[in-house]
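# got a sequence here, can you model it:
(chains A and B)
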2 protein chains.
Amino acid sequence: MQIRPASPADHAAILAIVAPTLAAGETYAIATDLDDDGVLAYWLSPTHEVFVAADGGTILGTYYLMANQAGGGAHVANCGYMTAPAAQGKGIARAMCEHSLVRARERGFRAMQFNHVVSTNTRAVALWQKLGFDIVGALPQAFNHPVHGYVDSYVMFKKLI
Amino acid sequence: MQIRPASPADHAAILAIVAPTLAAGETYAIATDLDDDGVLAYWLSPTHEVFVAADGGTILGTYYLMANQAGGGAHVANCGYMTAPAAQGKGIARAMCEHSLVRARERGFRAMQFNHVVSTNTRAVALWQKLGFDIVGALPQAFNHPVHGYVDSYVMFKKLI
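The predicted structure is shown next:
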């Protein structure tokens, strides 16, 4: 499994991973009714540096890296990660996060922040904690989960230097 | 003093308030080198509902109201407020925040969140606390202040219902 920058040839595979995850509306605070162009415009935003986790020709996951804020906040990175359903439980998210931490340091970021980790996404919360992220804030009932209703989200933060 | 929706006739006055505040780089995590078009494109973003605090023909302050996130996070509002330097200390920010809380409830928002209140902006932190916002998170050294260097920022949150 190799993690490498996404190329235009990967866009269909990226769409196949990202579109159903956004449509499910359980983990990202992003519109659930985006069409394919909208999904790709979001994930491949000019502000995003996008990577894929590939096993030969098969794309197992994708992530983006960006500055979380501009101006005085531009030294803090932000990422989003998604793993293909068939590849879950195989360490792909962990590998992508570890890759992103290396890449963020390379780019000079001093920290990484996740703004909105839905508390019911317990696997993600536990993984980020294992990788050194702290829950630095809890947002009360800040996410309207399609199954669980209003649930808390966490702000998670890790210093890189 | 009246708080009302901004009109195109207010844009020059809005620019005169917002541009120097962003250029100073002490309170907003936004690029400090935006030109006038960039400043107005930011403050008057299509996602922002923009108001002004006016005393007759004089604009004393401006604020925007928006959804802080999309999808499952769209029920939480976000605002930015700026007061003209000559009008500071006269309760304009308080009046704008109170107005925004009413307006946010009208629009059906269930909470309001400030994502990045710079800790050195002590007057703002104290005012938001007086108006019922809690510090729900501290982001370590998340803001690079032009005078104080890397300082913490706060995530502040207030339920509206």
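# residues in contact with the closest residue to chain B within chain A?
With Cβ to the nearest Cβ, the shortest gap between chain A and chain B falls at A:G137, namely 1.9 Å. To be clear about C-beta, it is placed using only N, CA and C from the backbone, and glycine gets the same treatment. By Cβ atoms under 8 Å, 6 or more residues apart in numbering or on different chains, the contact set of A:G137 is A:Y154, A:V155, B:V136, B:G137, B:A138, B:L139, B:V155.
# for A:G80, same thing?
Counted by Cβ under 8 Å, 6+ apart, A:G80 has contacts A:Y28, A:W43, A:Y63, A:Y64.
# just flag the most distant two among those residues.
A:Y28 and A:Y63 (12.6 Å; Cβ to Cβ).
# ok, back up a step: a markdown table for the contacts of A:G80, including distance to chain B and pLDDT?
Listed next are those as a markdown table, based on distance: Cβ to the nearest Cβ, whole Å; pLDDT from 0 to 100:
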| residue | distance to chain B | pLDDT |
| --- | --- | --- |
| A:Y28 | 6 | 97 |
| A:W43 | 14 | 98 |
| A:Y63 | 19 | 98 |
| A:Y64 | 16 | 98 |
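# in helices, which of the residues you listed appear?
A:W43 (DSSP state H).
# so of the contacts of A:G80, which ones are in strands?
A:Y63, A:Y64 (DSSP state E).
# just the helices in chain A please.
For chain A, the helices defined by DSSP H occupy A:11-24, A:36-43, A:92-106, A:122-130.
# and of these, who's closest to B:G72?
So among those, helix A:11-24 is nearest, using Cβ to Cβ, at 10.2 Å.
# can I get the contacts of A:G137 in JSON lines with pLDDT and distance to A:L22?
Output for those, formatted as JSON lines (pLDDT from 0 to 100; distance: Cβ to Cβ, whole Å):
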{"residue": "A:Y154", "pLDDT": "98", "distance to A:L22": "20"}
{"residue": "A:V155", "pLDDT": "98", "distance to A:L22": "21"}
{"residue": "B:V136", "pLDDT": "98", "distance to A:L22": "26"}
{"residue": "B:G137", "pLDDT": "98", "distance to A:L22": "25"}
{"residue": "B:A138", "pLDDT": "98", "distance to A:L22": "30"}
{"residue": "B:L139", "pLDDT": "98", "distance to A:L22": "26"}
{"residue": "B:V155", "pLDDT": "98", "distance to A:L22": "24"}
